[in-house]
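Q: Okay, predicted coordinates and the sequence, questions at the end:
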Amino acid sequence: MVTLTPVMKKIILHWGEMGSAWGINRTVAQIYALLYLSPEPLTADQVSTSLGIARSTVSTGLHELQSWGVVKTSHILGDRRDHFTTINDIWEIFRVILEERKRREIDPTLEVLEESVLEMQNAGMDDTQVEERVKDMLDFFRTVTAAYEQYEKIPTDRLKEMLHMSRKLSSIVDQVTWD
């Protein structure tokens with residue numbers, strides 16, 4: 001069992017709340033937060049005891065987190081149990097989650113919109129408003145996908161520099177009077 005400090009408890013509880021807001025099961029988000037904050041890999045039993053949740057719930061949550069690619073299994077010499085850990089680099093975690101969300105949410109939406117445009121063209125639809133709106137949505141999702149593909153090519157250290165510069169630029173823009 002991990003001894004949770006007040007700060008760890010606060011972050012784990014908050015991460016669970018945020019997970020719910022992002023469409024992720026609260027308990028799964030709490031498991032992730034515990035593993036991220038833990039200084040060492042944990043067994044499923046340790047996660048279960050630390051968070052006070054059923055072992056079966058932990059197993060299901062760990063499986064989901066592994067499917068996202070944000071939790072890895074590791075082994076300790078002399079211990080047959082699986083130990084679980086997260087990627088330590090928060091920037092890499094963000095990249096993995098973004099890629100997975102794109103794959104699960106954006107890509108299927110893009111596919112449906114492309115199919116819909118073809119169906120409307122083949123059917124000779126008379127509803128130009130629907131066709132225009134679907135085409136606008138398709139253009140938006142194609143643009144977002146193209147932007148993501150460019151983002152994906154940027155090395156993490158350069159991305160950090162760019163984002164830090166944008167914070168500085170933002171504070172300068174805030175000081176300018178736009179009359």
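A: Alright, I've got the coordinates.
Q: How far off centre is the host helix or strand of Gln66?
A: Assigning secondary structure by DSSP states H and E places Gln66 in helix 55-68. Once both centres are worked out by C-alpha atoms, centre = their mean, to the nearest Å, helix 55-68 turns out to sit 15 Å from its chain's centre.
Q: And the contacts of it?
A: With contact meaning C-beta atoms under 8 Å, 6 or more residues apart in numbering, helix 55-68 is reached by 25, 27-28, 31-32, 35, 44-45, 47-48, 51, 71-73, 84, 96-97, 100. Glycine gets a C-beta too; all of them are placed from N, C-alpha and C.
Q: Of all the residues in it, which ones are buried?
A: By 16 or more other C-beta atoms under 10 Å, the buried positions in helix 55-68 come out as Thr57, Val58, Gly61, Leu62, Glu64, Leu65, Trp68.
Q: Would you show me how to pick out the buried ones of the contacts of helix 55-68 in ChimeraX?
A: To isolate the buried members of the contacts of helix 55-68 in ChimeraX, using 16+ other C-beta under 10 Å:
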select :27,28,31,32,35,44,47,48,51,71,84,96
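Q: Can you list which of the contacts of helix 55-68 are found in strands?
A: Mapping the contacts of helix 55-68 onto strands (DSSP state E) picks out Val71, Lys72, Thr73, Phe84.
Q: Distance of the closest residue to the first one other than its chain neighbours relative to Val47?
A: Spelled out, that is Val71. In space, Val71 comes closest to Leu65 once its chain neighbours are excluded; the distance is 3.8 Å by C-beta to C-beta, 6 or more residues apart in numbering. Distance, Leu65 to Val47, by C-beta to C-beta, to the nearest Å: 11 Å.
Q: intersection of neighbour lists for those two?
A: Ile31, Leu35.
Q: what residues go with each domain of this protein?
A: Following automatic domain parsing, one gets these domains for the chain: 6-86, 90-171.
Q: Over to the first one now: how far is its first residue from its last?
A: For domain 6-86, the separation between the terminal residues is 21 Å (C-alpha to C-alpha, to the nearest Å).
Q: Centre-most residue in the protein?
A: Nearest to the mean C-alpha position of the chain, by C-alpha atoms, centre = their mean, lies Ile97 at 2.9 Å.
Q: List the contacts of that one.
A: Trp68, Val70.
Q: Now do the phi/psi pair for Asp79.
A: phi -120, psi 120 (degrees, to the nearest 10).
Q: where's it relative to Asp45, distance?
A: Look at Asp79 and Asp45: by C-beta to C-beta, they are 12 Å apart.
Q: How about Thr3?
A: Remark: distance between Thr3 and Asp45 (C-beta to C-beta) = 15 Å.
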